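Undergrad: Please find the sequence and the predicted model below.
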Amino acid sequence: MEQSEQNTAPGLKAIPESATRQPQVQMPEPAAIRDAEQTAGLPAEAGVPIFEMKDVSIYYGSFRAVTNVSLTIYEHQITAFIGPSGCGKTTVLRTLNRMNDLIPGARVEGEVSYRGEQLYGKDVSPIAVRRRIGMVFQKPNPFPKSIYDNVAYGPRINGERNKKKLDEIVERSLRQAALWDEVKNRLGTSGLSLSGGQAQRLCIARTLAVEPDVVLMDEPASALDPIATGAIEDLMKEIKDRYTIVIVTHNMQQATRVSDRTAFYSVLVNPQSDTRTGTLVEYAPTDRLFGDPQDDRTKAYVTGRMG
Amino acid sequence: MSTVARADQATPAGSARALSERRPLGDRGFQVLALACGLLVLVILVLIAVTTSQQASSWFTTEGWKIFANNWNPGANQYGALAFIYGTAITAVIALVMAVPVSLGIALLLTEVVPYRWSRPIVYVIDLLAVVPSVVWGLWGILVFAPWLQHIYTDIASGVKGVPVLDSLFGQPVSGASFFTAGIILAFMITPIVTSLSREVIATVPAIDREGAYALGATRWEMIRGAVLPHSQGGIVGAVLLGLGRAMGETIAVALVIGSSPVITSHLFAPGYNMPAVIANQFGEAFGLSRAALMGIGVLLFVFTIIINVLARGIVERNARRKRGA
Amino acid sequence: MAVVTAEPQLPDLREAKGWRRTKNRIMTILMVVSFILVIIPLGFVLFTVIAKGASIISWSFLTGGPIASTVAPAGVGGMGPAVLGTIEITALATVMAVPLGILGAVYLNEYGGKNWLAALIGFMSDVMTGVPSIIMGLFIFTIWVLHFGLSGLAGAFALGCLMLPIVIRSSYEMLRLVPNALREGSYALGATKARVTVTVVLPAAIGGIVSGSLLAVARAAGETAPLLFCIGAASEANKNVFSGANTALPSQIFANANQPYVGAQDRGWGAALTLIALCFILMIAARLVTARFARYSR
């Protein structure tokens, strides 16, 4: 088999060294790692591409936090980002709904497109982006308002004033988040009075209330106990045929349980400047990534030797 | 590359169109409004400086450097303000000499000695002290405190009669309404702010330093001497300066108890005057040059307090930054 | 054979002996003494004000008018005009200074970040809290009273200048405490920055902001110097805060303090008691608001 040099940007040393990959059909791109499936020549999954990232690098000021990310995320699938801490998976996730804009000095290079339109185009409004691409955070962050007002917040800022419609939206969203039965009699109580798992489901309901196209989840269950985690995972599988979900998780079993495709990220260390930069290593349907990882680093991670 | 645009705006999902909405007008307007409110502070400060100096200009031009002469006599058209500057300085010094040790003592009491549960009532008392209006201090001062102090002053004065230094400080003339009385009342009034700021500063001393001193077998006071005070020196200086600024500017209480007598004297128990007090007492009926003079005294007061406050805040800020960065 | 074993010396674990211990004790006592030194005058003032003022306080004193002349004995007239004046002038000042102060704090925390202008504004705002209040009075006298005459409005401007930096500082501290996670949650739903601030950040900080503002109001209500040259000295109640001379409790206290007449002094004590009661009520309200909202946001 052809031993191709591990593709790295100049100056960066990969851990571990060299990798063995399947022969690529097209000319090897010097600085990109392609979607394994496409390069292997297999038919692409039937599905509408929602996000396409090409050669994306993310900088904080002059520090390159993430490099060389290229992948496609498909509609109505759950895509998981996994990898050791510091590998940039959350940074990449936040790029998808332009939350990195909130960090001064953050910059994205390369192409990120959403349903064909450039996400970082000149005229694009981050507000409009976030109305279509919602996010659930690692630590539940309900507003210090009532449960009802938490869920109604999104529709209200989008202009919905009709009380009846709001009631419908609140109930629908809480049902989708599997929280309705537990709170339907106390919608007026504070969102802060919920337990961790409930609060997270409230945040999910809040996100679903604006009927986004995509739901991004940043380690949504890492702050929760196993039972609450199970509830969140069931929820994800329930709603995926209405939304597209991208989830960052440090829990590999969770990725195998819920996701259709998985992207594995890792860290590149620059010995001179002693900086760590994240990069996408491998991206494949979940069964294939875990069952037959192509890259040595992936193999090391999923079999537990690293991370 | 564009996807088919859905005309239906009610469903934002599923269409990439209309990702480009310009930043809503309200958002921009809000930012501008907030900025304007912030700038208001700077605008007001500049306006104060400009307009009051303008009003006082005739005093500055007429008197020139004689504004620092000690000859305040509006009847004879003399407007030297040295007596008031002296009075401001003296009363502030008296106030600091009394207030700083007391405030430090309370601050240390709260941070080092008293368990948390008991600290709340003590803080409430300090807050109560802070809430008493200046004019009430003045009322009580002139009607109750000053007459009582007069007896004490008289006794002290007869006691130090003839003694070289003490007589010139504490000897006759004495009056209930005097520099010293004003100083005492100022001390009461600036204690809360010096205490609370010192407390903040002392609280930033890391526990590790305290523990290090204790681990060497130090008593509590030795720990304070060795670990707390060196660390908080800078901040405490800042707190003291803030107290100084406050003492210089307090008007009404001083106006009532200082004695309203523009003289420069070493006798602390004698009646005197200071800058804010003369403005408060005489501005209402002044006109022409004397009004300009009083306004000018106000300008001087403004400048002095701004300088002291900038110094004070600068020191406190630098101390805090060093703590964070260290 | 008898073995004599020496008793092992027990380590001496008692307190540090002698001078060190004494010094420590003395210092602790000094600290307690300083606290007592503070309680005593406070107690005296409160006691005197209550004792001397209580006798003159009555409903007619608080609401009746007009304000008696200085030579009149106690019981004539009332402080109604002054009470009204204090309430309307302080309220007007609050309505002006609090929203502006909150918005200024919003600029500092939400928009200004670390830039030089925000740092300068924050710094000078703190400096401004140290400017003597009489300067504010002189300032408003110069730019307003000289052109438009004495009025409650002028007094309100002067008090507003006094309150503004206090409200800015306390609101800023409250806004800083709002966790970023709340802002992010709102952004992620597609809110603009103004929306995030108004619908999530301000409500989360509202308890502390209200409490800080109440303390600023208490401070303003007790101030005399800014009013000296701005409101004049009305003896009749003036319902129109925007024009015409007015009066306020602190002004009345000041005017009466200098009088030798017992009646005037009594009125002074009564007004002082009223004023202190007002300030205390505001302070207690501030504490209650803090306590209640601390529970809510836990």
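TA: That came through fine. Numbering: from 1, shown residues only, chains lettered A, B, ... in the order given.
Undergrad: residue ranges for the helices of the stretch 51-200 of chain C, please.
TA: C:59-63, C:80-106, C:116-128, C:133-140, C:146-148, C:152-177, C:180-188, C:193-195 (DSSP state H, counting those that start in this stretch).
Undergrad: lowest-confidence stretch among the ones you listed?
TA: Of all those, mean pLDDT reaches its minimum on helix C:59-63 (a mean of 85).
Undergrad: Output the contacting helices and strands for that helix.
TA: Counting contacts by 3 or more Cβ pairs under 8 Å, 6 or more residues apart in numbering or on different chains; DSSP states H and E, helix C:59-63 packs against helix C:80-106. C-beta coordinates here come from the backbone N, C-alpha and C atoms, glycine included.
Undergrad: mind redoing it with 10 Å?
TA: helix C:80-106, helix C:262-296 (3 or more Cβ pairs under 10 Å, 6 or more residues apart in numbering or on different chains; DSSP states H and E).
Undergrad: re earlier: I'd like the helices of the stretch 51-200 of chain C laid out as CSV, including distance to A:R242.
TA: Formatted as CSV, the helices of the stretch 51-200 of chain C follow (distance: least, Cβ to Cβ, whole Å):
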stretch, distance to A:R242
helix C:59-63, 66
helix C:80-106, 38
helix C:116-128, 44
helix C:133-140, 61
helix C:146-148, 65
helix C:152-177, 38
helix C:180-188, 19
helix C:193-195, 26
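Undergrad: Give me the neighbour count for residue 270.
TA: Picked chain A for this. Using other Cβ atoms under 10 Å in any protein chain shown, A:N270 has 14 neighbouring residues.
Undergrad: I was thinking of chain C, sorry if that wasn't clear
TA: Neighbours around C:G270, by other Cβ under 10 Å: 27.
Undergrad: Not counting its neighbours along the chain, what's nearest it?
TA: C:I56 (3.8 Å; Cβ to Cβ, 6 or more residues apart in numbering or on different chains).
Undergrad: what sits against that neighbour?
TA: Taking Cβ atoms under 10 Å, 6 or more residues apart in numbering or on different chains as the criterion, C:I56 is in contact with C:74-75, C:78-79, C:263, C:265-271, C:273-274.
Undergrad: And the pLDDT at the residue in the stretch 151-300 of chain B positioned nearest to chain C?
TA: Nearest residue of the stretch 151-300 of chain B to chain C (Cβ to the nearest Cβ) works out as B:G249 at 2.9 Å. We have a pLDDT of 92 for B:G249.
Undergrad: and if you look at C:D12?
TA: Looking at C:D12, its pLDDT is 57.
Undergrad: Also C:A2?
TA: 51.
Undergrad: cool, C:P8 as well?
TA: 57.
Undergrad: anything in the helix or strand bottoming out on mean pLDDT in chain B near chain C?
TA: Counting by mean pLDDT, DSSP states H and E, the weakest-scoring helix or strand in chain B turns out to be helix B:207-215, with a mean of 80. No - applying Cβ under 10 Å from any Cβ of the partner chain, one finds helix B:207-215 out of contact with chain C, separated by at least 11.9 Å.
Undergrad: List the buried residues in that helix.
TA: Using 16 or more other Cβ atoms under 10 Å in any protein chain shown as the test for burial, helix B:207-215 gives B:210, B:213.
Undergrad: For it, C-alpha coordinates in PDB please.
TA: In PDB, the C-alpha atoms belonging to helix B:207-215 read as follows (Å, rounded to 0.1, in the frame of the first residue of the first chain):
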ATOM      1  CA  ALA B 207      -5.100  33.400  52.100                       C
ATOM      2  CA  ILE B 208      -1.800  31.700  51.400                       C
ATOM      3  CA  ASP B 209       0.100  34.600  52.700                       C
ATOM      4  CA  ARG B 210      -1.900  34.700  55.900                       C
ATOM      5  CA  GLU B 211      -1.400  31.000  56.300                       C
ATOM      6  CA  GLY B 212       2.300  31.300  55.700                       C
ATOM      7  CA  ALA B 213       2.600  33.700  58.600                       C
ATOM      8  CA  TYR B 214       0.500  31.600  60.900                       C
ATOM      9  CA  ALA B 215       2.500  28.500  59.900                       C
END
